Structure formats: structure tokens, C-alpha cells
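*Asks:* Have a look at this prediction, sequence included:
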Amino acid sequence: MKTKPLSNYGASVGVEAYDIDWDCQEEIIELGKLCASQCIVFVNQNIPVKKINEVMIAWGDPSMALIHEAIISKKVHGRHWREIFLNVGYPNKEIDENMPKYASIISYKKSKKNRPLGFFQNGELNWHSDQCAFDDGQRIIGLQSLSGTENSQTQFLCTHDAYESLSSQMQSMVKELIVKHKWVDNFMAPGLNSLQNVTLRYNMIPMDGMETRLYSETASGLPGMKIPSHSFDGFVGMSRAESDRIMDEIKKVTYKEKYIYTQNWQDGQIVFMDQEITLHKRPTNIQDGDQRTMARSIFYVNKIFNSQKSQRLTHIRYKGDFYSVDDFIDLVDKDRKRIFEEWNNKGKLGISESSHEFKHLKK
């Protein structure tokens, strides 16, 4: 395996990897370590999605959004979860019967029943990282262009250089700040329909009031920031005005053109990206009938690193308290049931909410 700098990119982390021997276990492990430490790794080799899954499972355990996993495993169940259950079942077989278990599809394509077959169906996607309201171990996304991807783009931004550019005083402050999260409908993904929007919400911020550290680092120890680009609701123990002032200062040094890598896709290409200190966005506005189809695989790196940031989360911070994974899932389930019952009671009273996520269900 060889590496070279990414083209048209000025940050200190991020490389292109090439001449990879996909059957050499040593190179596979080295590629995983490279992805964890370089945060953005472009590979211009057309490899089957199944092989990418086999490669990434050598790095760590597969990752699925906590609440999505609870829904699919039926740890949470009931009529209040039914529509999301159908939407997160990853009906990959309708697009490609050979699609592996640990890959999800990003596509506009629909089933015969007019149900989206992939996530992030249409529109643009603003800056984000996966499961942004969870302080989790480092996860790597393998994003692969399958078909119809020419003339589309994805952009990537690692926050390491921005963090290093801060004064020592500001770095110390960043290490102490705790972010409060709040979901805002259609902010991250303004083009999604109501069902995909709420499905995304239970990936990102299942409960308003979740909290994470602003400072983070990769499993290899590379420092940076986990910026809540679409869910920021202030810092714990600080006024909203002061929180906004500090966050604006951080964004000013982060969202610089020299730190942004733009991938102009051609079918078969892959970008591996970190999810702890790295953001990504889709500036391409996917419209009805677009044939752009991507595959996305997400894995931890706990098999090749033995650090705190390589381990899966065991607790979730919510409104100043720490909850076990099971207790937090129970909390989300009760809240979801409350929302459903309130909607159902309004329906019985003749109150219309035509844009609500439950509108697909018959009362």
C-alpha cells in the first residue's frame, strides 16, 4: 500500500491510498490504522461492497445507531415505532440482492410500494457526523459510490488543524466545554420527507437535552472537536448568548476552504472517514428520479486499537446525568410513546397535523 496527498486540499491530515493488496491481512490492518489517524482516506479502486465489509470488520465491530438497533432487534416495539421500523430495515435486497448485512444504501430509488429504499433520499445534506449526540468510540464510515454518481460531490472536513490553530487558552476551554443538543427538523437534511426526517432524528439526537464533550480525539490520539453543526443548543453552565459567541469563534476557524476536501465522485470510488473529529456534507441537491446510489458501512476500530476512544459507549449523558445504554433506550421508548399518544388523542379530537410523522398510520 502506498499513499499520496489529496489533490486540491490544504489540511495536514487526509491522504489517498493506492496499490492496496486487499487480500493481505497486514495491509488491511495498516489501512485501518491509516483511516483512524488520517481521518479522510480516498481509495480509487473499485472493490465490491462485500469486500469492504470484510476489510472493515477486521478493524472493529459493526456500528448501527443505538435506537435504530433497538428498533430492529425489537428491544423497543409497538405501534409507536412501526413506521421507523419499516424505514430502518435496510431493504438493500431490492436494490442489490448481494448487498451485505452491514451496509446501508443511500439512494433516491423507491420500492414498488413507493417506499424509499435508501437513507438521505433527496436534497442536500449540511455538515454533520454520524450519531453526533453520543460520546462513543471512534467509528469509520466507508462511503462507496456504486452507480450514477458522476457529477455529484461529498465534502469532508477534519477539525484537527482548526483545533491546533486555537490559542492554548482556547484549547483548554474547548476541553472543558459540554455541548447541549437539540433536534431541529429539516436543518441537517432540508429535503427529506417527514418519515425520513424522524428516522434521521433517532439516529442523531433521540432526545433533546443529550450532552457531549466538544473536545474529542481519534483512537490513535489525534485531537480535534466534535462540532454539533446542526444540533447546538448551548454549552452546559453557560448562557446562550455566551455559548453562541464561543461557538461562532470556533466555527470561524474551522469552516475554512483549505480544510475542506471535495470528492468529485466516479462510480466505484471509496472514501473512508472518521466520525469523531470529522464532518461531511453533500452539496449536491439530489432530485426526484436521480439514480445516484451509494453504499455506507460503519465500523469501530476496537480490534486494532486499545484506547479509551476505541471502545464502544457504555453510558449516555442526558441533562447532566449519565444513563446506561439500556436505561437510555427505555427513556427514549417512553418519550416516543408519549409523543404517539398525544398525536393519537389529538386525532380523536379532530385536530389535524397533516405534516406529522405519524400521518402514515390510520387512526
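*Replies:* Thanks, I have the structure now.

*Asks:* what ranges of the protein fall below the confidence cut-off?
*Replies:* Scanning the chain for pLDDT under 70 picks out the ranges 89-97, 108-111, 113-122, 286-289, 347-363.

*Asks:* What segments of it are helices?
*Replies:* 25-38, 49-57, 66-72, 82-87, 160-165, 168-176, 194-204, 240-254, 325-348 (DSSP state H).

*Asks:* show me the contacts for T149.
*Replies:* Shown in contact with T149 (C-beta atoms under 8 Å, 6 or more residues apart in numbering): W265, Q266, D267, Q269, R292, T293, M294. To be clear about C-beta, it is placed using only N, CA and C from the backbone, and glycine gets the same treatment.

*Asks:* Output stretch 313-332 as CSV, nothing but the C-alphas.
*Replies:* Extracted in CSV, the C-alpha atoms of stretch 313-332 (Å, rounded to 0.1, in the frame of the first residue of the first chain):
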residue,chain,number,x,y,z
LEU,A,313,-20.1,3.6,24.6
THR,A,314,-21.5,2.2,27.9
HIS,A,315,-23.2,5.4,29.1
ILE,A,316,-25.1,8.3,27.6
ARG,A,317,-25.1,11.8,29.1
TYR,A,318,-28.6,13.4,29.3
LYS,A,319,-29.4,16.6,31.1
GLY,A,320,-26.4,16.3,33.4
ASP,A,321,-26.9,12.7,34.4
PHE,A,322,-25.3,9.5,33.0
TYR,A,323,-27.6,6.7,31.9
SER,A,324,-26.7,3.1,31.0
VAL,A,325,-27.4,2.1,27.4
ASP,A,326,-30.4,0.1,28.4
ASP,A,327,-31.8,2.8,30.7
PHE,A,328,-31.4,5.4,28.0
ILE,A,329,-33.2,3.2,25.4
ASP,A,330,-36.0,2.8,27.9
LEU,A,331,-36.1,6.6,28.4
VAL,A,332,-36.4,7.2,24.6
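
*Asks:* So which bits of that stretch are buried?
*Replies:* I316, R317, Y318, Y323, F328, I329, V332 (16 or more other C-beta atoms under 10 Å).

*Asks:* Not counting sequence-adjacent ones, nearest residue to the last one?
*Replies:* Here the nearest residue to V332 in space, its sequence neighbours aside, is P206; by C-beta to C-beta, 6 or more residues apart in numbering that works out to 4.6 Å.

*Asks:* how close does that neighbour sit to M294?
*Replies:* Distance from P206 to M294, counting by C-beta to C-beta, to the nearest Å: 24 Å.

*Asks:* So between the two, which is more surrounded?
*Replies:* P206 (27 against 23; other C-beta atoms under 10 Å).

*Asks:* With distance to F134 added, can I get the buried residues of stretch 313-332 in TSV?
*Replies:* Listed next are the buried residues of stretch 313-332 as TSV, based on distance: C-beta to C-beta, whole Å:
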residue	distance to F134
I316	6
R317	9
Y318	11
Y323	12
F328	10
I329	12
V332	12
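
*Asks:* Can you tell me which of the residues you listed is nearest G191?
*Replies:* Checking the buried residues of stretch 313-332 against G191 with C-beta to C-beta, the nearest one is V332 at 25.6 Å.

*Asks:* what sits against I57?
*Replies:* Taking C-beta under 8 Å, 6+ apart, we find I57 in contact with Y102, F299.

*Asks:* let me redo that: E242
*Replies:* Counting by C-beta under 8 Å, 6+ apart, E242 has contacts F235.

*Asks:* What distance do you get for the residue nearest to Q171 when sequence neighbours are not counted to K4?
*Replies:* Spatially, and ignoring its direct neighbours in sequence, Q171 is nearest to Y163 (6.8 Å; C-beta to C-beta, 6+ apart). Distance check for Y163 against K4: by C-beta to C-beta, it reads 25 Å.

*Asks:* So between these two, which is more surrounded?
*Replies:* More crowded of Y163 and K4, by other C-beta under 10 Å: Y163, with 25 against 10.

*Asks:* hang on, the more buried one packs against M173?
*Replies:* No: judged on C-beta atoms under 8 Å, Y163 makes no contact with M173 at a distance of 11.6 Å.

*Asks:* Check which residues of stretch 32-51 are buried.
*Replies:* 32, 34-43, 47, 49-50.

*Asks:* got a list of what the closest residue to V253 other than its chain neighbours touches?
*Replies:* Among residues not flanking V253 along the chain, A162 sits closest, at 5.0 Å (C-beta to C-beta, 6+ apart). Residues near A162 by C-beta under 8 Å, 6+ apart: G224, M225, I250, V253, T254, K256, Y259.

*Asks:* So which of the residues you listed is surrounded by the most neighbours?
*Replies:* M225 (27 neighbours).

*Asks:* Pretty sure it sits against Y215.
*Replies:* Yes: with contact defined as C-beta under 8 Å, M225 counts as touching Y215 (6.3 Å).

*Asks:* Please identify every residue contacting each of those two.
*Replies:* By C-beta under 8 Å, 6+ apart, the residues touching both M225 and Y215 are Y163, V174.

*Asks:* Any buried residues in stretch 241-255, and which?
*Replies:* For stretch 241-255, by 16+ other C-beta under 10 Å, it's S243, I246, M247, I250, V253, T254, Y255.
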